[in-house]
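Q: this is a predicted model, with the sequence first.
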Amino acid sequence: MQTEPEAKILLVDDHPENLLAMAHLLEQDDVRIITATSGNEALGLLLEHDFALIILDVQMPAMDGFETAALIRSRKQSHDIPIIFVTAINKEQMHVFKGYEAGAVDYLFKPVEPLILKSKVNVFLKLYRQKQTHEINTRYMNKTLAELKRANRQIVQQQKTAIEEERLKVLLEIAGATAHELNQPLMYLMGHLELLEMDKKKPEKLAVHLSRISEAGQRIADIVKKIQSIRYYETRSYLGDSEIIEFDQQLQILAVQPTGDDYEVLRRIISEQKKIKTKWAATAGQAFKMLLKENYSLILLDYQIKGSDALKFIAELKRRQIDVPVIVLLQQDDEMMVSKVLQSGATDYLPKNQIDQISLARVIANAMDKERLKDEIKIAQQRMSELSTQDELTGVYNYRYFFEALEREVSRATRYKNELAVGLVEIDAFNTLNENYGKLAEQHVAIEVARILSDAVRKSDLVARIGDAQFALLLPNMAPENVALTGNRFRKLIVDQKMEMKGVVFSISVSIGISTLGVIGKPATADELIQKADEALFKAVTMGEPKVRLWKKTRI
C-alpha cells in the first residue's frame, strides 16, 4: 500500500523541555519533527527544508515570534507556510491581532491542550498533503496533456490528406453532376443554332428556332444560378485547422428596413439562397416584437430606421439581453461611421451600394462564423467556471466554493439570528479501499457518497468535497434538535448502501463531526465553524462510538 509522503513540522521555542514535550505529542508516522531554539536557527532551517507547518513560540530572546514570523513571510520560498503562535502571557485582542498581522493563521495558549494541538496540526497536515497530491496530479496531467497534443497533431496531419481527398471528391461529384445537367440544354442549343443556320431563308421557321434557343438559354441560366448558390468559401472546421465545405445551412434572417422597396431589393438578392428565409420589420418596435416571438439567426439592420438608428437599436438589444448577430447596412463606406457601428456591438457592416449576391453571402457567412466562435468561447468559459467551483470527480462543489458559501451563510445567519450548522463527513478506512479493491474503488466510493449526500440534503443545503475522503455539509436554518438526527440519518444512508467492485459487494462507514452557531454562542467566523466541526470529527474518528458527534463547549 502506498504511504503518505513525509511531512515536516518546525517547532521553535527557546526552552528545550517545551520542544521535547510538543514533539512527543505530535509524533506519528510519516511526520518528521524538526526543532529550533531561536528565530535565527529557524530561518536557517527554512533554507534546507520544506515545512508543512511552523509552531512558533512568541516569547523568545533576541528575536521574538512576531519578528521571526514577519521574516518568514517576507521570503518567497516560505511565504505560504502556515504558522501557529504559542503564547503564555497575553490573551488580549490587540496582542492576538498583532500575531495575525505578523502572519499567524492560528493561536494556542499555554498550557497547550493536547487534543486541540493534535486536531489543529492534523488539519494543516491534511491540507499540506492535499496540496502535494494536487501538485503531483497537475504535473502528471500536464505531461499527459503534452503527449495527447503531440499525438493529436500526428493524427491531424495524417487526416489532412484524407480530408482533402474527400473535399476534392465532393467537388468532382458536383462538377460531374453540373456537366451532365448542362450537357442536354447545350446540345439542344447547338442543334437549334445549326437548324437556324440551315433555315435562315425560311422566315416561318426562324421564330420556332429562336424560341427553342431562348428556352435552352434559360435552362442554362437556371443551372448557373444553382452553382452560384453553393458557397464554396464557407467552410466548417474539422480536425484542427482542416475544413470541409458546408452545404446545408438553414438561416432565418430579420431585415429591419424603413421601406418595403428597400426590403424587396434585399429579398430578391437573398431569395437566390434556398437555405435562407427572411422576414421584414419596418420599425424598431415591430422588430423587437418579432424577436420575442421567433428565433432569428441574424439581423440585417438599415442604419436609418423610423424613429431610431442602428446604434440605438443595438443598445436596446443589449439592454434586453437579445443575443443575435447584427449586420448594419450603411448608405456609404464611411470610416467614421463604420468605427461607431462596430464599437457599438455590430458583428459586421455592408455599404448598400456594394450589395450583391456574392458580397451579401460573404458577409452573412462571416457573421455566422463569428457567432459560432462566440458560442464556443461561452461554452469554454462555462466549463472553466464549473471546474473552478466543482469537484471534477464527483460533480459536487469543491472546498473553494464551499468556503465562500459558508462565509455568506455565516454573515446572513448572524445578521438575522438564524441557526447554521456545518458538518464534516469522513469515509472510514478510505486508504484500505485501494489495498483491498484497487484504485478505482476509492473513486467509486467517493462518487457514491457524494450522490447519497446530494440526494439526502434539502434544496437549501450544500454538499462539497474538500478532500479525497472528506465531504462538507452546509445546513442553514436547521433546528438544533434536528442536527444530530440529520447527521445520523446521513450516516445510516451511507452505511446501508451496498458498493460493488469487480463482482465484490462491500459496505463502508463514515464518521461525522458537526458544529453549530448556536452552540459556539458568540459571533463566530467561518473558520471557527470548520475548526469546531473538525474537532468533533476528530473525536468521532478516534474515540469510537458514537460515530456522529456534535461539538460542545468544554468546561473550564
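A: Sure thing, it's come through.

Q: is it true that residue 312 lies in a helix?
A: Yes. According to DSSP: H, G, I helix; E, B strand; the rest coil, residue 312 belongs to a helix.

Q: verify the stated contact: it with residue 284.
A: Yes. Judged on Cβ atoms under 8 Å, residue 312 makes contact with residue 284 at a distance of 7.5 Å. For the C-beta atoms, the positions are set from N, CA and C on the backbone; glycine is no exception.

Q: looking at the two, which is more packed in?
A: residue 284 (20 against 13; other Cβ atoms under 10 Å).

Q: find the nearest non-adjacent residue to that one, please.
A: Closest residue in space to residue 284, ignoring its immediate chain neighbours: residue 308 at 4.5 Å, by Cβ to Cβ, 6 or more residues apart in numbering.

Q: that neighbour - how many residues pack around it?
A: 16.

Q: ramachandran angles for it?
A: For residue 308, the backbone dihedrals (degrees, to the nearest 10) come out as phi -160, psi -170.

Q: equivalent analysis for residue 283, please.
A: The phi/psi pair for residue 283 (degrees, to the nearest 10) is phi -130, psi 160.

Q: please name the bridge partners of it.
A: For residue 283, the beta-bridge partners under DSSP bridges are residue 306.

Q: can you report how many residues lie near it?
A: Using other Cβ under 10 Å, residue 283 is surrounded by 14 other residues.

Q: now for it: which residues touch it?
A: Shown in contact with residue 283 (Cβ atoms under 8 Å, 6 or more residues apart in numbering): 305, 306, 307, 308.

Q: quick check, nearest of these to residue 79?
A: Taking Cβ to Cβ as the measure, residue 79 lies nearest residue 308 of these, at 56.9 Å.

Q: hang on, the closest one packs against residue 286?
A: No. Between residue 308 and residue 286 there is no contact under Cβ under 8 Å: 11.2 Å.

Q: hmm, which of the contacts of residue 283 are the buried ones?
A: 305, 308 (16 or more other Cβ atoms under 10 Å).

Q: residues contacting residue 62?
A: Per Cβ under 8 Å, 6+ apart, neighbours of residue 62: 38, 39, 40.

Q: ok so, going back, from residue 265, how far off is the residue nearest to residue 284?
A: 21 Å (Cβ to Cβ, to the nearest Å).

Q: residue contacts, the nearest residue to residue 271 once chain neighbours are set aside?
A: Spatial nearest neighbour of residue 271, excluding adjacent residues (Cβ to Cβ, 6+ apart): residue 278 at 8.0 Å. Residues near residue 278 by Cβ under 8 Å, 6+ apart: 253, 254, 255, 266, 267, 270, 271, 300.

Q: among the residues you listed, who's most crowded?
A: Neighbour tally across the contacts of residue 278 (other Cβ under 10 Å): the maximum, 24 neighbours, falls on residue 300.

Q: all strands for the stretch 451-556 of the chain, in order.
A: For the stretch 451-556 of the chain, the strands defined by DSSP state E, counting those that start in this stretch cover 462-465, 470-476, 499-501, 504-506, 510-516, 548-550.

Q: burial-wise, tell me which of these comes out on top.
A: strand 510-516 (a mean of 26; mean count of other Cβ atoms under 10 Å).

Q: what strands line up against it, and which way round?
A: Going by DSSP bridges, the partners of strand 510-516 are strand 420-427 (antiparallel), strand 548-550 (parallel).

Q: now do the last one: everything it contacts.
A: By that I understand strand 548-550. Against strand 548-550 from outside (Cβ under 8 Å, 6+ apart): 483-484, 487-488, 491, 511-516, 519, 536-537, 539-540.

Q: what's the first helix or strand after the helix or strand of the chain with the lowest mean pLDDT?
A: In the chain, the helix or strand scored least confidently by mean pLDDT, DSSP states H and E is strand 242-245, which has a mean of 38. Next along the chain after strand 242-245, taking DSSP states H and E as the criterion, comes strand 251-256.
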